[in-house]
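J.: using only what follows, build the 3D model:
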Amino acid sequence: MLVADMKDESCGIYKSGERRRRFMYRSGCVILSLSLGVALASCGREEHFDPAAVADVRSIGKVLSEANSEWYSGDNWWPPLRSFGRVLVLDVGVVEPRGAIEKARKLLLERGWKIDLPVKGEELYMSSRGRQGAELLIFSVRSYVQEWGLESLEAPSEVKAIKEARQMSSSDGLLLVHVQP
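T.: Take a look at the predicted model:
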């Protein structure tokens, strides 16, 4: 054996090429670790509202204000789900909140929506028969604000939409519609 091919323990000289192999191995491990971290961080799921569902909602009344909404779900889920929805405040031409909910229900049923939960007071939950996963949450603005308080809402898009709509109309029949994926 040649002296250059042997490791000399006393002075830390490695066999020919061994130092390069160790460097490449360690570099590869670091790159793999970084790549895995980036891949895991970016593997969250996203879902977006259906523009056709928004068009259905717009067609049932006068849109007074509109805003995007975004929320995360899945503190205990992996990967996390990021959802993008749309919030609309409409006037369907009925002054009384329950009458406005009833009119919205009737018009949306005609457009292929179905009721998920029966009307409970001044709110309604519907889903689309033709669009996978599209959902509508419909509330009278009056009851929504009375129940939750406008200033306590954590969703700035809802607060902005309600405030803008109230500047345009003082009707008790205004509806807040969440279009969700």
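J.: check contacts around V179.
T.: Residues counted as contacts of V179 (CB atoms under 8 Å, 6 or more residues apart in numbering) are F49, D50, A53, V54, V57, G85, R86, V87, L88, A134, E135, L136. Every C-beta, even on glycine, is put in place using the N, C-alpha and C of the backbone.
J.: hey, what's the closest residue to it other than its chain neighbours bridged with?
T.: Using CB to CB, 6 or more residues apart in numbering and skipping the chain neighbours, the partner closest in space to V179 is R86 (4.3 Å). Bridge pairing for R86 (DSSP bridges) gives the partners N68, V179.
J.: so R86 is in contact with E66, correct?
T.: Yes. Contact status for R86 versus E66: in contact at 6.8 Å, counting by CB atoms under 8 Å.
J.: neighbour-wise, which of those two wins?
T.: R86 (23 against 20; other CB atoms under 10 Å).
J.: check contacts around the more buried one.
T.: For R86, the contact set (CB under 8 Å, 6+ apart) comprises F49, V54, E66, A67, N68, S69, H178, V179.
J.: ok, 7 Å please
T.: Residues near R86 by CB atoms under 7 Å, 6 or more residues apart in numbering: F49, V54, E66, N68, S69, V179.
J.: kindly report the same for L176.
T.: Under the criterion of CB under 7 Å, 6+ apart, the contact list for L176 reads V87, V89, F139, V141, Y144, E158, I162.
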